[in-house]
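J.: Requesting a structural model of the entry that follows:
(chains A and B)
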Amino acid sequence: MNANSNLIRYFFDLHIHTSLSPCASDDMTPNNIVNMALLKGLDFIAVTDHNSVGNVEAVMKCASDKDIVVIPGMEIESSEEVHLLCLFKTMESAAQMELFVKKHLPDIKNRPDIFGEQILYDEADNIIGYNENLLITATSLSVNRIKELADSLGGIVIPSHVDRDSFSIISNLGFIPEDLDFNIIEISKSISRDDVYHKFPYTKKYKVISNSDAHELYQISEPEEYFELSEKTVDCLFDHFRKIK
Amino acid sequence: MKVKELAEKLNLKVAAGEQGLDKEITGVYICDLLSWVMSHAQKGNVWITVQTNINVVAVAVLTEVSCIIIPENIEIDAKTIEKANTEGIAVLASSFNSYEIACGINNECKF
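T.: Predicted coordinates:
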């Protein structure tokens, strides 16, 4: 029997912000995100707020009785101002990563009038608080250190929107450092894979994925990007990540 | 002026790349976005940047800048120092900020 015959296409969007990210719309609540992702026909979504996992558990709980898998994560900003998607198998690992991040965030209070509110929700979309510390800023962790820490927690690091002119590993560091063994990189929705390959030929050696980086509900991806997996589980997805070379 | 003379005059600490100290200085370039530096820095420039990632060495080799100056006593990654030694790119460290360093260079040599 063909080993691949049991593989099924599962659609994903692994870069979604909730209202905890000050730049995201207040409509990005756990139920709105999960239901919109279901309507779109997605199988896997990742919650990736800036430097915090504050709303991840609420989204996971909200999705627990639904046919969609929520991956806990964060979009961490390195000391070089590079955005990195860090995804984890469990909420516990993601929370451990957040402890490192918290220690390396500057002590700057959020100014909601400038940056927007950083809203914390429960799984029923009730506001349970606000994160007062400004999240949308650089940590003092280098790209290398973030990679090491995430690896040690069994996570995966995907450089965000590498094609963008700001907050991208290519724009800030000139190119993707060879010593960091990334296997997946993310491009934004505003560019095609072919254009990225043309502009940065060495990106061909990476698995290139495209996520929404949704800050508004309507931006959540259509079912276009997929992985072929044997099961719709976190374990299966992470096994797949590790096999990509 | 050579990198070595500038380092002495501005009291810069040589953090790596001693072999590169004899290079001639032809100007100054200040920028931290490495993609921008790659396409704009000129051969012989003193390049001042707060970035200390290993990629700064590769960008310095590519653009043929005369040396790199890291301001404000920013800690330099061990891998960056190692690479700079291998490539012969002088990496100089200063307690002053980029503006102050640039003013210091301007006092010593006009470009």
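J.: In this structure residue B:67 contacts residue B:91, no?
T.: Yes - the pair residue B:67 / residue B:91 is scored as a contact, 7.2 Å apart, by CB atoms under 8 Å. (C-beta placed from N, C-alpha, C; glycine too.)
J.: Please identify every residue contacting each of those two.
T.: residue B:17 (CB atoms under 8 Å, 6 or more residues apart in numbering or on different chains).
J.: residues contacting the residue in chain A positioned nearest to chain B?
T.: Across chain A, the shortest distance to chain B (CB to the nearest CB) belongs to residue A:174, at 3.4 Å. Residues in contact with residue A:174 (CB under 8 Å, 6+ apart) are B:34, B:35, B:37, B:38, B:55, B:58, B:59.
J.: Among those residues, the buried ones, what's the PyMOL command?
T.: A single PyMOL command is used to select the members of the contacts of residue A:174 judged buried by 16 or more other CB atoms under 10 Å in any protein chain shown:
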select buried, chain B and resi 34+35+37+38+55+58+59
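J.: So which of the contacts of residue A:174 is the closest to residue B:108?
T.: Nearest to residue B:108 among these, counting by CB to CB, is residue B:37 at 22.6 Å.
J.: So the closest one belongs to a helix, correct?
T.: Yes - remark: residue B:37 belongs to a helix, assigned using DSSP: H, G, I helix; E, B strand; the rest coil.
J.: So it sits against residue B:31, correct?
T.: Yes - with contacts counted by CB under 8 Å, residue B:37 reaches residue B:31, the gap being 5.0 Å.
J.: Can you pull the phi and psi angles for residue A:15?
T.: phi -150, psi 90 (degrees, to the nearest 10).
J.: How about residue B:93?
T.: Torsion angles, degrees, to the nearest 10, at residue B:93: phi -120, psi 140.
J.: Setting aside sequence neighbours, what's the nearest residue to the residue in chain B positioned nearest to chain A?
T.: Nearest to chain A in chain B, going by CB to the nearest CB, is residue B:34, at a distance of 3.4 Å. Spatial nearest neighbour of residue B:34, chain neighbours left out: residue A:174 (3.4 Å); criterion: CB to CB, 6 or more residues apart in numbering or on different chains.
J.: ok, what's across the strand from the residue most central in space within chain B?
T.: Nearest to the mean C-alpha position of chain B, counting by CA atoms, centre = their mean, stands residue B:68 at 1.2 Å. Residue B:68 forms beta bridges with residue B:47, residue B:91, as assigned by DSSP bridges.
J.: in chain B, which spans are strands?
T.: B:13-16, B:27-30, B:45-48, B:67-70, B:90-93 (DSSP state E).
J.: ranking those strands by burial, who's on top?
T.: strand B:67-70 (a mean of 27; mean count of other CB atoms under 10 Å in any protein chain shown).
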